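> Pasting the sequence and the predicted model now:
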Amino acid sequence: MKITICQLSDNEIEFAEDWELLKTHISQNNSDLLLLPEMPFCKWVASTKNVNEAAKLDSVQKHEQWISAVEELGVQYVVYSRPVMESDHYFNTAFVYVKGIGHQKIHTKAFFPEEPHFWEESWYSRETNPSFEIVDLGNLKIGVLLCTEMWFTEYARKYGKQGIDLLLCPRATEESSINQWIRCGQTLAVISGAYCLSSNKAGIGDNHFAWGGTSFIAGPMTGDLLGTTTDDEKFVTREIDLSKSREAKTDYPLYVKE
């Protein structure tokens, strides 16, 4: 199976340029699964603590406008998150697009930071009963942790116990914290016994904020890095062996009883 990670600019003009390059990369590499960053299709709205209802609506509309572009990539599976408005609630929700079938909700983000440039607790709502269930795609089982959720490692273990092949982690993280996010992803690959993929926002955001890019793939059992993106190589595709993630479920620490 071929999997692709990417880093995409938070600047909407540069994002459109990145997207054209991504289309070429996908076509040349015949990817089976693509992971996009957290809320990729508009600039980061939670950079200010002042919640703006017009900005919420604009972010929803921009993501809806890009849905057809996701489908046109021709990839079997595309995992991403997007804002969803329900009544007076504003959610950050993960979806998987399955070619020929459509877009399926995975789960809504449940844990939020509240600090400069990441005022997510102020902006977003939580579902009453957050769900961390796997998505069974027939020949592939996936689980998603959205950015901050990666640090709640009990869910990675839960996913592993449910037999996931891929742990997919869209994120929006800054340049200064890149190393700790990579280490976290490597640990999650061991805990879940699955390939851990994470795609991140990149470039310069509001108030000259430096996004981190550096998306990565970590292997099951060992957590070894199998690929990372850079500003010069924004897209990385690797061929993986799903049998390795399935073997990992019988190895340490997955076999340890609760």
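Here it is on my side, so go on.
> Which residue ranges of the chain form helices?
Per DSSP state H, the chain carries helices over the ranges 12-29, 53-72, 120-123, 154-161, 178-192, 242-248.
> Redo those as CSV? Include mean pLDDT, distance to residue 110 and mean neighbour count.
C-beta: built from backbone N, CA, C; applies to glycine. Converted to CSV, the helices of the chain look like this (pLDDT from 0 to 100; distance: least, CB to CB, whole Å; neighbours: other CB atoms under 10 Å):
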stretch, mean pLDDT, distance to residue 110, mean neighbour count
helix 12-29, 97, 27, 14
helix 53-72, 97, 19, 15
helix 120-123, 98, 11, 18
helix 154-161, 96, 9, 20
helix 178-192, 98, 16, 20
helix 242-248, 96, 24, 17
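> Switch these over to CSV; also include distance to residue 256.
Output for these, formatted as CSV (distance: least, CB to CB, whole Å):
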stretch, distance to residue 256
helix 12-29, 37
helix 53-72, 39
helix 120-123, 33
helix 154-161, 10
helix 178-192, 11
helix 242-248, 13
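> Could you count how many residues lie near residue 137?
By other CB atoms under 10 Å, 17 other residues sit near residue 137.
> quick revisit: of all the helices of the chain, which lies closest to residue 103?
Smallest distance to residue 103 across those (CB to CB): 7.1 Å, for helix 53-72.
> if you average pLDDT over stretch 82-100, what comes out?
In this model, stretch 82-100 carries a mean pLDDT of 97.
> quick one: contacts of that stretch?
38-39, 41, 45, 56-57, 59-60, 63-64, 70-71, 74-81, 103-109, 120, 123-125, 127, 135, 137, 142, 144, 146, 168, 170 (CB atoms under 8 Å, 6 or more residues apart in numbering).
> just to revisit the earlier point, ok, which of the helices of the chain comes nearest residue 218?
helix 178-192 (4.0 Å).
> That closest one - contacts with which helices or strands?
On a contact count with 3 or more CB pairs under 8 Å, 6 or more residues apart in numbering; DSSP states H and E, helix 178-192 meets helix 154-161, strand 166-168, strand 195-198, strand 216-218, strand 225-228.
> returning to that earlier point: now, which of the contacts of stretch 82-100 lie within strands?
If you go by DSSP state E, the contacts of stretch 82-100 have 77-81, 103-108, 135, 142, 144, 168 in strands.
> Buried only: go through those residues for me.
Among the ones in strands among the contacts of stretch 82-100, those buried by neighbour count (16 or more other CB atoms under 10 Å) are 77-81, 106-108, 135, 142, 144, 168.
> Now do the contacts for the residue nearest to residue 147 when sequence neighbours are not counted.
Spatial nearest neighbour of residue 147, chain neighbours left out: residue 171 (4.1 Å); criterion: CB to CB, 6 or more residues apart in numbering. Residues counted as contacts of residue 171 (CB under 8 Å, 6+ apart) are 37-38, 146-147, 150, 181, 198-201.
> Quick check: the two most widely separated of those?
150 and 201 (14.9 Å).
> So for those two, which sits in the more crowded spot?
Taking neighbours as other CB under 10 Å, residue 150 and residue 201 compare with residue 201 leading, 29 against 22.
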